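Enquirer: Okay, predicted coordinates and the sequence, questions at the end:
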Amino acid sequence: YYNRLRDDRYVKFSAAAGLATAAAIVILITQFDFPPLVDWPNHMARHYLEALALSGQMLPPGYAIEYAVMPNLGSDLIVPYLVMAFGHITASKTFLILSIASYFAGPALFVLQQGSASRASLAAACLLLPWLMAGTFFWGFINYYSGVGLAFLAAANHARLAKKDRVPLWQLTVQAALLVLLYLWHLTSIGIFLVLAGCHALSSLSVSTDRLKSFRRQILLAASAIPALVVMISVMLTPQLNALSGGLVWSAPLRKLTLIGAYFVAYMPLIDMATLALWCLAIVLMFKFKNPAPRALTFPALSALAFLVLYVILPVEVGTTSGADIRMLPPLLICGVAALATLPLSRLAPIGLSLILIASVVRTTSIAFAWSHMEHDARALSTYFRNVAPNARILVLTLDRATKQNFQSHLMGWAVPQNGAYVSNLFSYAGQQTLSLLGPKTDAILIPTDAGHSVDIAAVRANFDYVWVFNPASGAVALPSDWKPVLGEGAGKLFKVQ
């Protein structure tokens, strides 16, 4: 079997596409010390502080670190140890590469499983390559992003166990531990798994010739989720740890439609749309769509439908969780690709695979080109705070929403490992982060007015050395004349408070 696969041209094409894309992504990540991912500097600041706390060192003034049983801990469980071993720059690059690997490996294994490791499933898995960096990755939602891969890995193992007549206790125990890890990694991870597991149970019961036996098997597998559900319920019953407590914010229907297209756009819309067109053409060339077997499509198609429905009905914000609906788009795409894995290949499949390879490398190159023009502020910031007095106090004023292009709203996070700086907008939500801010936060400095917000100048002078103004719309901002601009171009500027 191995020799046959080794000599198979489809395997060679798939391996070439995968290796070329992996090489391009690794080169991209390693070339940039400060990747312009919106939330990532904020998270890296916390991981640096966690590394100090875990190694027994004193934290800079204004911070406290406390671990607890709660979701959204994915990178908090790994990155601090990488920081202690290699420093924050190498730790950042390493975890980003591992996250991309997880985001591909779990879904690729799921796709291969749905296609019974056939040539078609190999080709279908390659369809994931152009979109390994898309959507939530550019926003720096790395816990969620890597958690998607873990969720599909757990789903693939769940489907594997469901085929066994007798499941060894140790394998159920491993699955139960994996599900607890999913919940701790990110709340959406366990949600994605539960949707997949539910769809798998429905599809298995619908095609089974012995439904009673199949039902008993599904009940046994469901028992492996009990420890994770117990942890989840205990956290939800603790108000200060429940990230879902709070109000709901609903989205307009038009936004739902536009975000589907926006998911495929990185920084250069024309190149991204060309990539999407090549991707669609590759699908048409690679698979035969005549008379597909409905039975084979049941599980992945049902899962794709479930995620589509969730995308439509979920609000955009749930409590302190933002972008709740767009988190359904990656599993929707992956399940759609898995449905293709059950189709027969056409004779033009090698041409389609070649298009996938071209699309993947071109898109990754376009991202590298965009990042090379976006990293300037972060590098200048790192140099500046390396050469000023330690423990600088920085107030962050965000006057508009960040975008992938105007990403500097959390850029001051890089000043924490460079200077031990206190930054007023670091993530410190109870039930989501280990960090607590003991000093004044941004909200405490803002004064509501009829026109929007004003700033308590006296409080700024008393508590901060610098003010970072994120103003991508270039709106009028009145600042004291003695605040000296020292850094920043475009959307963000740093002022020294005299």
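Expert: Thanks, I have the structure now.
Enquirer: How confident is the prediction for the nearest residue to residue 488 once chain neighbours are set aside, by pLDDT?
Expert: Spatial nearest neighbour of residue 488, excluding adjacent residues (CB to CB, 6 or more residues apart in numbering): residue 494 at 5.1 Å. To be clear about C-beta, it is placed using only N, CA and C from the backbone, and glycine gets the same treatment. On pLDDT, residue 494 comes in at 88.
Enquirer: Run a quick neighbour tally on residue 494.
Expert: 24 (other CB atoms under 10 Å).
Enquirer: Next, it: secondary structure please.
Expert: What DSSP: H, G, I helix; E, B strand; the rest coil gives for residue 494 is strand.
Enquirer: now it: how far from residue 442?
Expert: 15 Å (CB to CB, to the nearest Å).
Enquirer: and the residue nearest to residue 488, what are its bridge partners?
Expert: residue 468, residue 487 (DSSP bridges).
Enquirer: Let me see the contact set for residue 362.
Expert: Going by CB atoms under 8 Å, 6 or more residues apart in numbering, residue 362 touches 271, 274-275.
Enquirer: chain center to the helix or strand containing it: distance?
Expert: Using DSSP states H and E, residue 362 falls within helix 349-372. Centre-to-centre, helix 349-372 and its host chain are 21 Å apart (CA atoms, centre = their mean, to the nearest Å).
Enquirer: one step back: could you identify the buried members of the contacts of residue 362?
Expert: Buried members of those, counted by 16 or more other CB atoms under 10 Å: 271, 275.
Enquirer: ok so, going back, pLDDT of the helix holding residue 362, averaged?
Expert: Computed over helix 349-372, the average pLDDT equals 91.
Enquirer: Repeat that for stretch 414-434.
Expert: Average pLDDT, stretch 414-434: 91.
Enquirer: how near is the residue nearest the centre of the chain to residue 326?
Expert: Most central in the chain under CA atoms, centre = their mean is residue 145, positioned 2.3 Å from the mean C-alpha point. Relative to residue 326, residue 145 is positioned 12 Å away (CB to CB).
Enquirer: how about stretch 190-207: buried residues?
Expert: Within stretch 190-207, judged by 16+ other CB under 10 Å, the buried ones are 190-197, 199-201, 203-204.
Enquirer: And the contacts of whichever strand or helix holds residue 22?
Expert: Assigned by DSSP H and E, residue 22 belongs to helix 9-31. Residues external to helix 9-31 that are found in contact with it (CB under 8 Å, 6+ apart): 5, 35, 93, 96-97, 100, 119, 122-123, 125-126, 129-130, 132-133, 345, 349-350, 353-354, 356-357, 360-361, 364-365, 367-368, 371.
Enquirer: So which elements touch the helix or strand residue 485 falls within?
Expert: Assigned by DSSP H and E, residue 485 falls within strand 484-487. Taking 3 or more CB pairs under 8 Å, 6 or more residues apart in numbering; DSSP states H and E as contact, the helices and strands that strand 484-487 lies on are helix 376-386, strand 492-496.
Enquirer: Just put those in a markdown table and tack on distance to residue 308.
Expert: Shown next, in a markdown table, are the helices and strands packed on strand 484-487 (distance: least, CB to CB, whole Å):
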| stretch | distance to residue 308 |
| --- | --- |
| helix 376-386 | 37 |
| strand 492-496 | 37 |
